[in-house]
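K.L.:
Sequence isn't available, so here's the structure alone:
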């Protein structure tokens, strides 16, 4: 029996190494997988949003209003980071272009010359231009992860309701939200509370974005981690990638969902009847392994000692 268990562990470890290139830790101690064949870049969250608004020709007063809402409702600030995951090669094109624009460099990005050679035919339609641009930048699919470093009263209340399962709308139809940002860009989103692996509560985000007449799908989740917003959104532009985007999201989220379950079990199972020294030892080991964040470790330790 023991040999079978050991064999399973070895096989499982090999599979994990094959499926996932690496596991990284983001803000708030959140861990995610970067699947094999993918790479990631990180940008300042607010600066990236501002740039996206500019590229989509969103009026400044409207973009300023939305950024203010993000700060006041979701606790976004200048310390927050956006992690963008794409297929190998996307960092050289898309990433290099974004970094060039964010740097404030007024020189012409040299990559546009290559883009013009491949996609600059004046006779093609906007839709075909978008298809060529997507292929050129290798952004089908692309996953964006945003984590807030601050909390707000809104997030605190929402977190309590989700933890206590007070939001009883899992069987209700999703709420629809439609936004028209500019002539170039608009989207429609369906929002619904769902239960994921390990009975983890999340707000599911299903939507469709329209850019220059070209439609793409958006599939993701919003979690409340330590009363802070943790959002993952997968964007896909073709039938083949859209078919697997949800599965890709779940692969990326695997460490977080597993860690979240371990944290809950650890904290919820603390009992004063148990050996205090042993409990403290177990908590310390979980903290050192990364299964518990510093904040979660401190709360659990305080519960034990009190």
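P.N.:
Right, received. Where do you want to start? For clarity, every value in this text was computed on a predicted model and none was experimentally measured.
K.L.:
Helices of the stretch 101-250 of the chain, start to end?
P.N.:
Along the stretch 101-250 of the chain, counting by DSSP state H, counting those that start in this stretch, helices occupy 111-119, 126-137, 153-163, 239-268.
K.L.:
Is it possible to get CSV of those that adds mean neighbour count, distance to residue 31 and mean pLDDT?
P.N.:
Any C-beta I mention is one placed from the backbone N, CA and C, and that applies to glycine too. Shown next, in CSV, are the helices of the stretch 101-250 of the chain (neighbours: other CB atoms under 10 Å; distance: least, CB to CB, whole Å; pLDDT from 0 to 100):
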stretch, mean neighbour count, distance to residue 31, mean pLDDT
helix 111-119, 13, 33, 87
helix 126-137, 16, 28, 84
helix 153-163, 15, 20, 84
helix 239-268, 16, 4, 79
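K.L.:
what's the closest of the ones you listed to residue 26?
P.N.:
With CB to CB as the criterion, residue 26 lies closest to helix 239-268 of the helices of the stretch 101-250 of the chain, at 9.1 Å.
K.L.:
If I take the closest one and helix 153-163, what angle do their directions form?
P.N.:
Angle, helix 239-268 to helix 153-163, by axes from the mean of the first three to the mean of the last three CA atoms, to 10 degrees: 80 degrees.
K.L.:
other SSEs contacting helix 239-268?
P.N.:
Here helix 239-268 touches strand 31-35, strand 142-147, strand 214-225, strand 228-236, helix 276-289, helix 294-305, going by 3 or more CB pairs under 8 Å, 6 or more residues apart in numbering; DSSP states H and E.
K.L.:
so how far is it from its chain's centroid?
P.N.:
Per CA atoms, centre = their mean, to the nearest Å, the displacement of helix 239-268 from the mean C-alpha position of its chain is 11 Å.
K.L.:
now do stretch 70-81
P.N.:
Chain-centre distance of stretch 70-81: 15 Å, with CA atoms, centre = their mean.
K.L.:
tell me which residues of it are tucked away?
P.N.:
By 16 or more other CB atoms under 10 Å, the buried positions in stretch 70-81 come out as 70-71, 74-76, 80.
K.L.:
mind checking the end-to-end distance for it?
P.N.:
Stretch 70-81 stretches 14 Å from its first residue to its last (CA to CA, to the nearest Å).
K.L.:
residues in contact with that stretch?
P.N.:
Around stretch 70-81, the neighbours that count as contacts under CB atoms under 8 Å, 6 or more residues apart in numbering are 26-27, 42-46, 49, 67, 146-152, 154-155, 228-229.
K.L.:
Could you pull up the mean pLDDT of it?
P.N.:
The average pLDDT within stretch 70-81 is 81.
K.L.:
Also stretch 192-211?
P.N.:
Mean predicted confidence for stretch 192-211 is 86.
K.L.:
rewinding a little: need the helices and strands packed on helix 239-268 in a markdown table (columns: distance to residue 199 and mean pLDDT).
P.N.:
Below are those laid out as a markdown table (distance: least, CB to CB, whole Å; pLDDT from 0 to 100):
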| stretch | distance to residue 199 | mean pLDDT |
| --- | --- | --- |
| strand 31-35 | 19 | 93 |
| strand 142-147 | 22 | 95 |
| strand 214-225 | 13 | 91 |
| strand 228-236 | 17 | 94 |
| helix 276-289 | 20 | 68 |
| helix 294-305 | 18 | 74 |
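K.L.:
export those to a markdown table and tack on distance to residue 54 and mean neighbour count?
P.N.:
Output for the helices and strands packed on helix 239-268, formatted as a markdown table (distance: least, CB to CB, whole Å; neighbours: other CB atoms under 10 Å):
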| stretch | distance to residue 54 | mean neighbour count |
| --- | --- | --- |
| strand 31-35 | 28 | 20 |
| strand 142-147 | 17 | 23 |
| strand 214-225 | 19 | 20 |
| strand 228-236 | 19 | 22 |
| helix 276-289 | 42 | 14 |
| helix 294-305 | 36 | 15 |
